[in-house]
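Novice: Quick one, what's the 3D model for this:
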Amino acid sequence: MAEQRATRQRERQGVVVSDKMDRTIVVQVSAVRPHAQYKKVVRTTSRLKAHDEQNEARVGDTVLVRECRPLSRDKTWRLIRVLERAE
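Specialist: Have a look, this model is predicted:
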């Protein structure tokens with residue numbers, strides 16, 4: 001019987017930029033960090049596809065997503081909760 005290891009699932013906070021797909025949202029995550037060599041502050045953004053079971057998130061909402069097993073070719077994140085609603 002194989003032992004199950006506890007894996008640390010990453011969590012990201014971002015803004016929903018698309019909710020046009022059924023039970024899927026696209027979340028844009030921004031990060032500000034210094035460049036490794038030149039130390040200049042660099043802004044980076046990445047877009048994640050997340051599973052939204054109840055279709056509760058809307059464009060502009062700030063959400064919390066957690067990494068999970070692959071649900072489709074692109075979708076490896078799950079919506080945990082909506083932190084702030086868009087106006």
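Novice: so how far is Q28 from the residue most central in space within the chain?
Specialist: Nearest to the geometric centre of the chain sits V65, at 4.4 Å (Cα atoms, centre = their mean). Taking Cβ to Cβ, to the nearest Å as the measure, V65 falls 11 Å from Q28. C-beta coordinates here come from the backbone N, C-alpha and C atoms, glycine included.
Novice: what residues are shared contacts of these two?
Specialist: Residues touching both V65 and Q28 by Cβ atoms under 8 Å, 6 or more residues apart in numbering: G14.
Novice: which stretches of this structure form strands?
Specialist: For the chain, applying DSSP state E gives strands covering 11-18, 24-34, 41-51, 62-67, 75-84.
Novice: could the ones you listed go into a markdown table alongside mean pLDDT?
Specialist: Converted to a markdown table, the strands of the chain look like this (pLDDT from 0 to 100):
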| stretch | mean pLDDT |
| --- | --- |
| strand 11-18 | 98 |
| strand 24-34 | 97 |
| strand 41-51 | 97 |
| strand 62-67 | 98 |
| strand 75-84 | 98 |
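Novice: winner for burial among the ones you listed?
Specialist: Per-stretch averages of neighbours, counted by mean count of other Cβ atoms under 10 Å, single out strand 62-67 among the strands of the chain, with a mean of 18.
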